[in-house]
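Asks: Any chance you could fold what I've pasted below:
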Amino acid sequence: MGISRDHWHKRRATGGKRTQPRKKRKFELGRPAANTKLGPQRIHTVRTRGGNKKYRALRLDTGNFAWGSEGR
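Replies: A predicted model of the protein is given here:
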């Protein structure tokens, strides 16, 4: 199925359904969340549109974290 960032699956403001005008395109691609864990640093590079790079932090030993159970 894939993760898509298109808006064709949304309904119109009037409540009607949109018809899909084409197949999914690579530029409408979404990616799964990194779900960064605590641990020794592990960062993967991800190629993005235009040949640029993004960095996916899979594990980090420092950072700004929040836990819902801590109540802050």
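Asks: Give the rounded mean pLDDT of the longest strand seen in the chain.
Replies: Longest strand in the chain by number of residues (criterion: DSSP state E): strand 53-60. For strand 53-60, mean pLDDT rounds to 96.
Asks: could you pull out the strands for the chain?
Replies: Secondary structure of the chain (DSSP E): strands at 37-38, 42-47, 53-60.
Asks: which secondary structure elements does the shortest one contact?
Replies: Here strand 37-38 is seen to pack against strand 53-60 when contacts are counted using 3 or more CB pairs under 8 Å, 6 or more residues apart in numbering; DSSP states H and E. Using the backbone N, CA and C atoms, a C-beta is placed for each residue, glycine as well.
Asks: just the longest one next, same as before
Replies: For strand 53-60, the helices and strands in contact under the criterion 3+ CB pairs under 8 Å, 6+ apart are strand 37-38, strand 42-47.
Asks: Among those, which comes closest to Lys26?
Replies: Taking CB to CB, strand 42-47 is the member of those nearest to Lys26, at 11.5 Å.
Asks: what lines up beside that closest one in the sheet?
Replies: As defined by DSSP bridges, the strand partners of strand 42-47 come to strand 53-60 (antiparallel).
Asks: What number of residues are in the vicinity of the closest residue to Pro21 other than its chain neighbours?
Replies: What sits nearest to Pro21 in space, not counting adjacent residues and going by CB to CB, 6 or more residues apart in numbering, is Trp8, at 7.1 Å. The tally of other residues near Trp8 (other CB atoms under 10 Å) stands at 13.
Asks: contacting residues for Trp8?
Replies: Neighbour list for Trp8: Arg18, Gln20, Pro21 [criterion: CB atoms under 8 Å, 6 or more residues apart in numbering].
Asks: Please apply the same query to Gly63.
Replies: Here Gly63 is in contact with Thr36, Leu38 (CB under 8 Å, 6+ apart).
Asks: related to what we said a few turns ago, so which residues make contact with the longest strand of the chain?
Replies: With contact meaning CB under 8 Å, 6+ apart, strand 53-60 is reached by 34, 36-48.
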